[in-house]
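Enquirer: Next input, structure requested:
(chains A and B, ligands or ions: 3)
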Amino acid sequence: MAGTVYVLPKERFQELLDRLKADGYQVVGPVLRDGAIVYDDLHSVDQIPRGWVDQQEPGRYQLVHDRSQRWFTFTPGPLSLKRFLFPPSLSLFRVRRNGDGVQLQVTMPEPPRYAFVGVRACDLAAVAVQDRVYIDRQGLFSDGYYAAARRKALFIAVECQSYAATCFCSSMGTGPEVNHTADVVLLELEDRFVAQPRSERGAAVLTPLALEQATDEELQRAKHYVRQAAADMERQVDLTDIRDLLLRNLENPRWDQVATRCIACANCTMVCPTCFCFSFQEVTDLTGNEAERRRVVDSCFNPEFSYAFGVEVRQSVASRYRQWLTHKFATWYDQFGVSGCVGCGRCITWCPAGIDVTEELSAIRASDGSRKEQL
Amino acid sequence: MGEPTAQEAADLPAAIMPAVAPVLPSFVRVLRVRKDTHDTWTIWLERPDGYPDHRAGQFNMLYAPGVGEVPISIASSARESRTRIAHTIRRVGAVTRRLTSLRRGETIGLRGPYGSAWPVAESQGADVVVVAGGLGLAPLRPAIVELLARRKRYGALALLYGARTPADLLYTAELGKWRSVLDFQLLVTVDRADRSWHGHIGVVTTLIPAVTFDPQNTVALVCGPEIMMRFAVRDLLDRGVPARRIYVSLERNLQCAVGFCGHCQLGPKFICADGPVFAFDEIAPYFSVREL
Ligand SMILES: Cc1cc2nc3c(=O)[nH]c(=O)nc-3n(C[C@H](O)[C@H](O)[C@H](O)COP(=O)(O)OP(=O)(O)OC[C@H]3O[C@@H](n4cnc5c(N)ncnc54)[C@H](O)[C@@H]3O)c2cc1C
Ligand code: SF4
Ligand code: SF4
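Expert: Ligands and ions are numbered 1, 2, ... in the order given. The predicted structure follows:
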């Protein structure tokens, strides 16, 4: 299967979307909304923000038009697939009082059958991380909604041939080449895509389109642009010994320094494609006889996120930022065997204070071993 | 590479049970309610169908519909009864207020048992020192019941129990019974006494020098407020008990109880799933860091 590679002419892209729809998929892809490129329902190729380029910098996001023939010159915006596979608010069940007893009704909805089109390597690397968090837990809890949504989903990825200033996937080993999860990988050329099926499910989508085979020259040319992007990407994280580096620097004064800028708004955890913390929410009706239990997104930046014996555990912003960064880059390895960061750069762009994880990690490395008391 | 592809993920093992099952409570009847102190009650609940024998130190999630769900330790041993489960609950907020207002015959949600356990069977042949502060006696009670049930298999046994005032002492009838058990050192103390109190006064750690045990061959089980555990651990280490044989039960707010909602993390540990009972050497590097 890995062998056959096809050509999908751009003028036939709509056919692919129609085909997915006919197969019963709810198609989700990049569309332009409120000045940003987000993932949402994708019905027509005309919705794809062709020729738009996103300029992303710490604390800044801006779209500019570029006159090239390319369709996917942008990189991921604020929304990731988390919003679809692990919705920010989800009903679980309802309980109705009934004399001295209760009646319970499961209300968790059946997830749609999603086809994600035009998603990137970092998005899929994040899904692979989420699989470990939500599914692959050796008997621990698996999130039923995620597992069901994930099992049905189809992923048609596009490999990035350009990158934003905030991207650092190449140093994280997560992109821009797609190594995870995809059912089909698309590589863009001027007037066509090279389409590589990566699973049975992906092949089943392409076969009915009766596409011509791509030449090796086409494949290599498209791949070249991707490799170039990987080589040029400047932003990096040095992963050497990263877990131990952070865990031996829990008292580094840098945490206090970053806390003077961080306003604990929780944006970073909201846009991060792998952050999973949640709370249950109890919603009651006016009579008090009926209650609904929901799962809602939460963040370690909220002061009441962690408490013991009635006292908030992480009262300082420094301790909350430390919790976030050390979870992503250190304790995630203990818990799930991988990094919690896939290098998408979202938390850098969408931080109102322009705090940059890559810079914070370098600063810790540069001051390895210094402790608060010494100041 | 090494990662599940979409297809493999589709075939992942029994992951996809009835989607919501892991957080779905069973509804059970309240069988008995006992007021222990001015703010603490013990309630006995019927054991749900399919509920496994729990181990001493584990906890359940108790759910009061319309109010919320909280972790509560299991205060009874599976040795005592396989039809009912006891919980000792202090009224501190909305959910515990509702739980401590339940009457016999009412229904409540329960899921569990969760978490790690005290090393009761594993400690055979050793001396066992149990240090309990306040409500910390509740999760230790099933361990004490099990230790005493097989008294001969252990060396020296001691329970050091401290409460704020004499009126805060839990399980007073049972303490009376335990006092008469041969070969069981039971020492009780209060932080502040009234005129009726003729016993020891001072924090529970002041009792540690008064008990006889062989530090090298001792397992210590410690539960209580975090500050009390810190001092108890320090004193036990000073006496020569190895860190890997000192067990503490930690508390953090938690929501899912299955290592996933993120709230109860302490460094790499999920207190709900890796704990709440930890050998001290496992958590020592994290326990001493403020606000971690
Ligand atoms: C593994 C584990 C086992 C536990 N076992 C028991 C047990 O056996 N019995 C028991 O009573 N509790 C136990 N707890 C603690 C119990 O879960 C909390 O007291 C409970 O969640 C409080 O919920 P609430 O809605 O009543 O109060 P909340 O609404 O959460 O809090 C209300 C107010 O009470 C204060 N408060 C909250 N928790 C505490 C506390 N622990 N001590 C003092 N003040 C507090 C807060 O400051 C807040 O202002 C355990 C906790 C864990 C993690
Ligand atoms: S930590 Fe930041 S860069 Fe890393 S995956 Fe999360 S949002 Fe992306
Ligand atoms: S790091 Fe930035 S985005 Fe994250 S909480 Fe702090 S201010 Fe908000």
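
Enquirer: Show me what residue 114 is bridged to.
Expert: If you meant another chain, say so; for now it's chain A. Using DSSP bridges, the bridge partners assigned to A:Y114 are A:Q26.

Enquirer: oops, chain B please
Expert: Beta-bridge pairing of B:Y114, defined through DSSP bridges, involves B:F59.

Enquirer: Contact partners for it?
Expert: Under the criterion of CB atoms under 8 Å, 6 or more residues apart in numbering or on different chains, the contact list for B:Y114 reads B:Q58, B:F59, B:N60, B:M61, B:P71, B:A257, B:V258, B:C272, B:A273. From N, CA and C alone the C-beta is placed, and that goes for glycine too.

Enquirer: Show the buried residues in the residues you listed.
Expert: Buried residues within the contacts of B:Y114, defined by neighbour count using 16 or more other CB atoms under 10 Å in any protein chain shown: B:Q58, B:F59, B:N60, B:M61, B:P71, B:A257, B:V258, B:C272, B:A273.

Enquirer: As JSON lines, the residues you listed with pLDDT would be great.
Expert: Rendered in JSON lines, the data for these read as follows (pLDDT from 0 to 100):
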{"residue": "B:Q58", "pLDDT": "97"}
{"residue": "B:F59", "pLDDT": "97"}
{"residue": "B:N60", "pLDDT": "97"}
{"residue": "B:M61", "pLDDT": "96"}
{"residue": "B:P71", "pLDDT": "97"}
{"residue": "B:A257", "pLDDT": "88"}
{"residue": "B:V258", "pLDDT": "85"}
{"residue": "B:C272", "pLDDT": "91"}
{"residue": "B:A273", "pLDDT": "89"}
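
Enquirer: so A:G77 makes contact with A:G29?
Expert: No: with contact taken as CB atoms under 8 Å, A:G77 and A:G29 are classed as non-touching, separated by 11.9 Å.

Enquirer: low pLDDT regions in the stretch 251-375 of chain A?
Expert: Applying pLDDT under 70 to the stretch 251-375 of chain A flags residues A:373-375.

Enquirer: Quick one: name the residues of it near chain B.
Expert: Residues of the stretch 251-375 of chain A found near chain B (CB under 8 Å from any CB of the partner chain) are A:251, A:276-280, A:282, A:284, A:288, A:290-291, A:293, A:295, A:298, A:300, A:305-310, A:313-316, A:318-319, A:322-323, A:326-327, A:330-331, A:334-335.

Enquirer: Count the neighbours of A:T287 for me.
Expert: 9 (other CB atoms under 10 Å in any protein chain shown).

Enquirer: That one in helix, strand or coil?
Expert: Following DSSP: H, G, I helix; E, B strand; the rest coil, A:T287 is assigned to coil.

Enquirer: Buried ones among the residues of the stretch 251-375 of chain A next to chain B?
Expert: With neighbours counted using 16+ other CB under 10 Å, these contain these buried positions: A:276-280, A:282, A:290-291, A:293, A:295, A:298, A:300, A:305-308, A:313-314, A:316, A:318-319, A:322-323, A:326-327, A:330-331, A:335.

Enquirer: returning to what we had before: need the max-distance pair from the buried ones among the contacts of B:Y114.
Expert: B:N60 and B:A273 (14.3 Å; CB to CB).

Enquirer: Same question for A:A222, what's its three-state structure.
Expert: Local secondary structure at A:A222 is given as helix here, using three-state DSSP.

Enquirer: Contact residues of chain A facing ligand 1?
Expert: Within chain A, the positions adjacent to ligand 1 are A:F309, A:G310 by CB under 6 Å from any ligand atom.

Enquirer: just how off-centre is stretch A:275-291 within its chain?
Expert: Counting by CA atoms, centre = their mean, to the nearest Å, stretch A:275-291 is centred 27 Å from the centre of its parent chain.

Enquirer: now what about that stretch, what contacts it?
Expert: Around stretch A:275-291, the neighbours that count as contacts under CB under 8 Å, 6+ apart are A:82, A:86, A:89, A:92, A:94-97, A:130, A:133-134, A:269, A:292-300, A:305, A:340, B:23, B:65-69, B:255-256, B:260-263.

Enquirer: how about a cut-off of 6 Å?
Expert: By CB atoms under 6 Å, 6 or more residues apart in numbering or on different chains, the list of residues contacting stretch A:275-291 from outside reads A:95-97, A:133, A:269, A:292-298, A:300, B:65-66, B:68, B:255, B:261-262.
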